[in-house]
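S.K.: what would the 3D arrangement of this be:
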Amino acid sequence: MEKQVHGHDVMSMMIELNKLFTDETLLESINNKFGSDVSFYTCSHKNLTAMELITLLKSKGKFVTLGDSYTMANNVMCSH
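M.R.: Numbering: from 1, shown residues only. This is a model prediction of the structure:
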């Protein structure tokens, strides 16, 4: 069975690491923490790849862009 990880876990990891990311460095951090053979889900989406999750989180305004990098925006995780 394929492991599934909630998007909140990725956002929490980003907060814990407290650094700027690019798509490449975030993908590397996700693979290091959760593995490269997992799928991701959110409150409204299922079976996402890590890159699809990153794209979704960006489109939902979860990141603050700083030049060519980004970090987590404050207070953007839903509480359910």
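S.K.: which SS state does residue 30 fall under?
M.R.: helix (DSSP: H, G, I helix; E, B strand; the rest coil).
S.K.: give me the buried positions along the helix-or-strand element of the chain with minimal mean pLDDT.
M.R.: Least confident helix or strand of the chain, by mean pLDDT, DSSP states H and E, is strand 63-66 with a mean of 92. Within strand 63-66, the residues scored as buried using 16 or more other CB atoms under 10 Å are residue 63. Where you see a C-beta, it was placed from the backbone N, CA and C, and this is true even at glycine.
S.K.: pull the CA atoms of it into CSV?
M.R.: Output of strand 63-66 as CSV, limited to C-alpha atoms (Å, rounded to 0.1, in the frame of the first residue of the first chain):
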residue,chain,number,x,y,z
PHE,A,63,3.7,30.5,0.5
VAL,A,64,5.3,34.0,0.8
THR,A,65,7.6,34.7,-2.2
LEU,A,66,10.9,36.3,-1.4
